[in-house]
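Peer 1: this one's structure only:
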């Protein structure tokens, strides 16, 4: 008599899961879809030029994909301060040299501070923002960086990956956030993340030549001059930059760069840790949704068990419930936290969030 063949448990590549979920982080940061995976490819190509050892490469890889995992933690506060679309404000902040007051930062304020209010209200708000700029900017980056590092640890990634995320907005000259670290005190892989994301942001919005011009201008202020010199070798790689503009190709390239032993079984706690962490990211978007996703998951599991559904189905339902609102990250807090009735246009944006999920 033949022995029954054991049921094969499906496996997934961790890079496949994280690269897909990173698109949700792009939404809430107001970035074009694929920003995180493009940043990952650029950062890993830069690591290759630097000759980083395997473990440091792995730590960097996950930091690049998860760099914005704390992004929702400051969304409500940013809306309170600016009174505008937090996604646009975040996007514009990434391409603005906010380390000092200048015509550039004034333009940022004019575009993003209470755009729908009267001239007098806007002028007062901009003046207050200028006075409190340092304190408020530190608060916003601290909220994001602390939560991002926490999320990485919650998913089981290394202390080095968490530290890289925490310090990714520090500047070489000490003008960055949240701690004002300077020079070599900033973890190397944090420096790589910062440079890689800036290259992608400007390459995507203004073209590759402008991106490299910006990082050269900020060499020694924002960026480690040695890293900027290493990055120059990527400037002439036209195939790389052309491929990065193709959304699916960029994700394929990121997955190809996955560290060794990147496969996980679908019954492993790692997958549940990822779902739990992203549920936390989703619910941090607004104070009105605190623990909403976990509450939905608990209720859905109870119903599934009452119906006598198979255990593997119950597990799937729980994961789906934890991620059911991930498309909500595409909604600005100006809608999520609005105290008044929503306009028809705003309701349409709300109705679209299951599509993004």
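Peer 2: Yep, it's here. Worth saying up front: this structure is predicted, and the values here are computed from it rather than measured. Residues are numbered from 1 along each chain as shown.

Peer 1: number of nearby residues for residue 264?
Peer 2: Using other C-beta atoms under 10 Å, residue 264 has 17 other residues around it. No exception for glycine: its C-beta is placed from N, CA and C like everyone else's.

Peer 1: The top helix by length along the chain - contacts with which helices or strands?
Peer 2: Taking DSSP state H as the criterion, the chain has its longest helix at helix 133-154. On a contact count with 3 or more C-beta pairs under 8 Å, 6 or more residues apart in numbering; DSSP states H and E, helix 133-154 meets helix 75-82, helix 159-166, helix 269-283.

Peer 1: Any chance you could list what contacts it?
Peer 2: 62-63, 66-74, 77-78, 81, 98, 101, 105, 129, 159, 161-163, 165-169, 177-178, 273, 276-277, 280-281, 284 (C-beta atoms under 8 Å, 6 or more residues apart in numbering).

Peer 1: Just the buried residues out of those residues, in ChimeraX syntax.
Peer 2: Of the contacts of helix 133-154, the buried ones go into a single ChimeraX selection, burial set by 16 or more other C-beta atoms under 10 Å:
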select :62,63,66,67,68,69,70,71,72,73,74,77,78,81,98,105,129,161,162,163,165,166,167,168,169,177,178,276,277,280,281,284
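
Peer 1: Can you lay out the helices and strands packed on helix 133-154 as a markdown table showing mean pLDDT?
Peer 2: A markdown table is the format used below for these (pLDDT from 0 to 100):
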| stretch | mean pLDDT |
| --- | --- |
| helix 75-82 | 82 |
| helix 159-166 | 97 |
| helix 269-283 | 91 |
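
Peer 1: do you know how far residue 89 is from residue 79?
Peer 2: 8 Å (C-beta to C-beta, to the nearest Å).

Peer 1: Flag every buried residue along stretch 19-28.
Peer 2: Neighbour counts using 16+ other C-beta under 10 Å place 19, 21, 22, 23, 24, 25, 26, 27, 28 of stretch 19-28 among the buried residues.

Peer 1: Same question for stretch 110-120.
Peer 2: 112, 113, 114.

Peer 1: Would you agree the first one is in contact with residue 86?
Peer 2: So the one you mean is residue 112. No. If you go by C-beta atoms under 8 Å, residue 112 and residue 86 don't touch, sitting 9.2 Å apart.

Peer 1: Residue 244 touches residue 41, doesn't it?
Peer 2: Yes. Look at residue 244 against residue 41 with C-beta under 8 Å: they come within range, at 6.3 Å.

Peer 1: On the C-terminal side of the helix or strand bottoming out on mean pLDDT in the chain, identify the next helix or strand.
Peer 2: Across the helices and strands of the chain, mean confidence by mean pLDDT, DSSP states H and E is lowest for helix 103-112: a mean of 76. Per DSSP states H and E, helix 103-112 leads on to helix 119-131 as the next helix or strand towards the C-terminus.

Peer 1: Tell me the helices and strands packed up against that next one.
Peer 2: helix 103-112.

Peer 1: next one: the helix it packs on to chain centre, how far?
Peer 2: The chain centroid and the centroid of helix 103-112 are separated by 23 Å under C-alpha atoms, centre = their mean, to the nearest Å.

Peer 1: Now do that helix: which elements does it pack against?
Peer 2: Using 3+ C-beta pairs under 8 Å, 6+ apart: helix 103-112 touches helix 86-94, helix 119-131.

Peer 1: mind showing which ranges of this structure have poor pLDDT?
Peer 2: 1-8, 98-101 (pLDDT under 70).

Peer 1: Centroid-nearest residue for it?
Peer 2: The centre of the chain sits closest to residue 68, judged by C-alpha atoms, centre = their mean, with a distance of 2.1 Å.

Peer 1: so that residue touches residue 25, yeah?
Peer 2: Yes. Assessed by C-beta under 8 Å, residue 68 is found in contact with residue 25 at 4.1 Å.

Peer 1: how many other residues sit next to residue 309?
Peer 2: 14.

Peer 1: err, residue 29, not the other one
Peer 2: The burial count for residue 29: 25, using other C-beta under 10 Å.
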